[in-house]
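S.K.: The sequence and its predicted three-dimensional model are supplied below.
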Amino acid sequence: MDGAEPAVDEAALVAGLHAGEESSFRDLVLRYHAAIVRLVRLGVASPAAAEEVATNTWRQVIRDIGDFDGRSSLKVWIFGIALNQARGCGAGQRRTALSPDPDGARATPAVDPDRFTPEGQRWAGHWCAPPVPWTGSPAQRLIGEAAVAAVVNAIEELPPGPRAVVALRDVEGWKTAEVCALLGISEPEQGALLHRGRSRVRARLEDHLGGR
């Protein structure tokens with residue numbers, strides 16, 4: 001999943017927005033609207049609610065662009081508005097939290113402990129039976145609709161912290177610093193959440209592809 005977007009001249013976009021240029025606003029919507037919908041859909045009850053959040057996000061961008069001070073990137077600022085809009089949805093529209101919770105994410109292990117040799121035995125901490133290599137062409141198998149659905153479902157079932165980080169890093173192609181700025185977490189926390197999320201998604205794929 002590669003959601004990385006081409007480089008953008010944010011200074012020019014901000015200047016255009018301040019000047020009320022419709023083309024600058026249109027460029028932003030084309031660039032980020034779909035990604036906003038994908039991200040907030042992880043935390044709201046329906047596609048319609050996600051679209052409503054995105055629409056409200058753009059309304060706030062137009063209203064508040066004069067307050068943008070450049071302390072974060074324009075992208076991080078816009079997605080921060082989107083997350084706040086999603087958190088402000090009514091109880092009937094919210095599905096789950098989007099805010100990261102590193103402590104809660106560590107409540108359960110990333111990989112089932114039963115897959116490792118227990119303490120007190122020879123090779124304690126090593127795999128009892130290591131993951132089985134996927135046979136055939138992994139690329140061909142992973143692009144199947146069922147595999148994609150398994151990945152999407154696995155991401156949606158992650159706890160809030162890993163879910164947000166995996167969605168931003170592996171679906172949208174965000175950089176570590178951008179994710180940390182948006183979610184208000186440190187790089188070590190981001191790395192731990194990403195590892196935990198990827199481990200669980202890989203386990204789901206392993207089951208799907210008959211790896212264990």
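M.R.: That came in fine, so what should we check first?

S.K.: For burial, what's the neighbour tally of the nearest residue in space to residue 50 that is not next to it in sequence?
M.R.: Of all residues not flanking residue 50 in the chain, residue 41 sits nearest, at 4.1 Å (CB to CB, 6 or more residues apart in numbering). Where C-beta positions appear, they are placed from N, C-alpha and C, glycine not excepted. For residue 41, the count of nearby residues is 20 (other CB atoms under 10 Å).

S.K.: Domain parsing of the chain, as residue ranges.
M.R.: Structurally, the chain divides into domains by automatic domain parsing as follows: 10-87, 102-208.

S.K.: what's the single longest helix in this structure?
M.R.: helix 187-208 (DSSP state H).

S.K.: Which strands and helices lie in contact with that helix?
M.R.: helix 102-105, helix 145-156, helix 160-166, helix 176-183 (3 or more CB pairs under 8 Å, 6 or more residues apart in numbering; DSSP states H and E).

S.K.: what would the domains of the chain look like in CSV with mean pLDDT?
M.R.: Shown next, in CSV, are the domains of the chain (pLDDT from 0 to 100):
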stretch, mean pLDDT
domain 10-87, 92
domain 102-208, 78
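
S.K.: related to what we said a few turns ago, pick the most buried one from the helices and strands packed on helix 187-208.
M.R.: Comparing the helices and strands packed on helix 187-208 by mean neighbour count (mean count of other CB atoms under 10 Å), helix 160-166 comes out on top with a mean of 26.

S.K.: Show me what counts as buried in the longest helix of the chain.
M.R.: Residues 189-190, 192-194, 196-198, 200-205, 208 are the ones in helix 187-208 that count as buried (16 or more other CB atoms under 10 Å).

S.K.: Closest one to residue 87 out of the residues you listed, please.
M.R.: Distance to residue 87 across the buried residues of helix 187-208 (CB to CB) is lowest for residue 193, with 18.4 Å.

S.K.: The closest one is in contact with residue 160, isn't it?
M.R.: No. Residue 193 lies out of contact with residue 160 (CB atoms under 8 Å); the separation is 9.4 Å.

S.K.: what's the angle between the longest helix of the chain and helix 145-156?
M.R.: 140 degrees (axes from the mean of the first three to the mean of the last three CA atoms, to 10 degrees).

S.K.: and the closest residue to residue 179 other than its chain neighbours, what does it touch?
M.R.: Spatially, and ignoring its direct neighbours in sequence, residue 179 is nearest to residue 168 (4.9 Å; CB to CB, 6+ apart). Counting by CB atoms under 8 Å, 6 or more residues apart in numbering, residue 168 makes contact with 39, 174, 178, 179, 182, 183.

S.K.: Distance from the chain centre to the longest helix of the chain, please.
M.R.: 12 Å (CA atoms, centre = their mean, to the nearest Å).

S.K.: Output it as CSV, nothing but the C-alphas.
M.R.: Extracted as CSV, the C-alpha positions of helix 187-208 are listed here (Å, rounded to 0.1, in the frame of the first residue of the first chain):
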residue,chain,number,x,y,z
GLU,A,187,9.3,8.6,17.7
PRO,A,188,9.9,5.6,20.1
GLU,A,189,6.1,5.5,20.8
GLN,A,190,5.4,5.7,17.1
GLY,A,191,7.9,2.9,16.4
ALA,A,192,6.3,0.6,19.1
LEU,A,193,2.8,1.2,17.8
LEU,A,194,3.8,0.6,14.2
HIS,A,195,5.6,-2.7,15.2
ARG,A,196,2.6,-3.9,17.1
GLY,A,197,0.2,-3.0,14.3
ARG,A,198,2.3,-4.5,11.6
SER,A,199,2.7,-7.7,13.7
ARG,A,200,-1.0,-8.2,14.0
VAL,A,201,-1.7,-7.4,10.4
ARG,A,202,1.0,-9.9,9.3
ALA,A,203,-0.5,-12.5,11.6
ARG,A,204,-3.8,-12.1,9.9
LEU,A,205,-2.2,-12.4,6.5
GLU,A,206,-0.3,-15.5,7.7
ASP,A,207,-3.6,-17.1,8.6
HIS,A,208,-5.2,-16.0,5.3
